[in-house]
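*Asks:* A structural model of the following input is requested.
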Amino acid sequence: MSRLLAIALLASSVLTAPALADTAPTCKASPKVVDKCMTFYGRLSVYTGSPAIRLWPVGTKQLYGVRGTGDDPENLVLPEKLRDMLATNPIEINGKWEVCPLEPARPNQLRSVCLEGATELKPVPRTPVAP
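*Replies:* Next up, the predicted model:
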């Protein structure tokens, strides 16, 4: 139930993000970016807590938390196709992600990144639960 609440809250904030897009710099152009951007295949999942959207690259133990680049890091600007997929409440979304780090790497720690792009997206739908 808490996961559904988190997804609903995320969807409401994501749907208002285009109005905020003018105030936040794009990911690559943001002065908050601390290192080179990277591209990888991985899985996006919605978590309870902050950051709610997290990426896990295939074949690694690293976990990235997606943040915004504006004044409020919880206001995300996501690609329209990704927003539409998140609105369908999938378990996860597999794809190719381009992210830019917003903080230095630390071993065994969640690293904050901003999302520059997403391609080859494939949602993993939820299976209905029998009553």
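*Asks:* can I assume Ile93 is in contact with Leu82?
*Replies:* Yes: under the criterion of CB atoms under 8 Å, Ile93 makes contact with Leu82 at 7.1 Å. Backbone N, C-alpha and C define where each C-beta goes, glycine included.
*Asks:* pull up the overlap in contacts between these two.
*Replies:* The contact sets of Ile93 and Leu82 overlap at 44, 121 (CB atoms under 8 Å, 6 or more residues apart in numbering).
*Asks:* in the chain, which strand is the longest?
*Replies:* strand 111-124 (DSSP state E).
*Asks:* so what are the sheet partners of it and their directions?
*Replies:* Strand 111-124 sits in its sheet next to strand 64-66 (parallel), strand 92-101 (antiparallel), going by DSSP bridges.
*Asks:* chain center to the longest one, what's the gap?
*Replies:* For strand 92-101, the separation from the chain centroid amounts to 7 Å (computed by CA atoms, centre = their mean, to the nearest Å).
*Asks:* with only the CA atoms kept, save that strand in PDB.
*Replies:* Taking Å, rounded to 0.1, in the frame of the first residue of the first chain, the C-alpha atoms of strand 92-101 are listed here in PDB:
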ATOM      1  CA  GLU A  92      10.100  -1.500 -12.900                       C
ATOM      2  CA  ILE A  93      11.200  -0.100 -16.300                       C
ATOM      3  CA  ASN A  94      14.200  -1.500 -18.000                       C
ATOM      4  CA  GLY A  95      16.100   0.700 -20.500                       C
ATOM      5  CA  LYS A  96      19.200   2.600 -21.500                       C
ATOM      6  CA  TRP A  97      19.800   5.600 -19.200                       C
ATOM      7  CA  GLU A  98      22.000   8.600 -19.600                       C
ATOM      8  CA  VAL A  99      22.700  10.300 -16.300                       C
ATOM      9  CA  CYS A 100      25.000  12.900 -14.900                       C
ATOM     10  CA  PRO A 101      26.400  12.700 -11.300                       C
END
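*Asks:* quick check: buried residues in it?
*Replies:* Under the neighbour-count criterion of 16 or more other CB atoms under 10 Å, strand 92-101 has 92-95, 97-101 buried.
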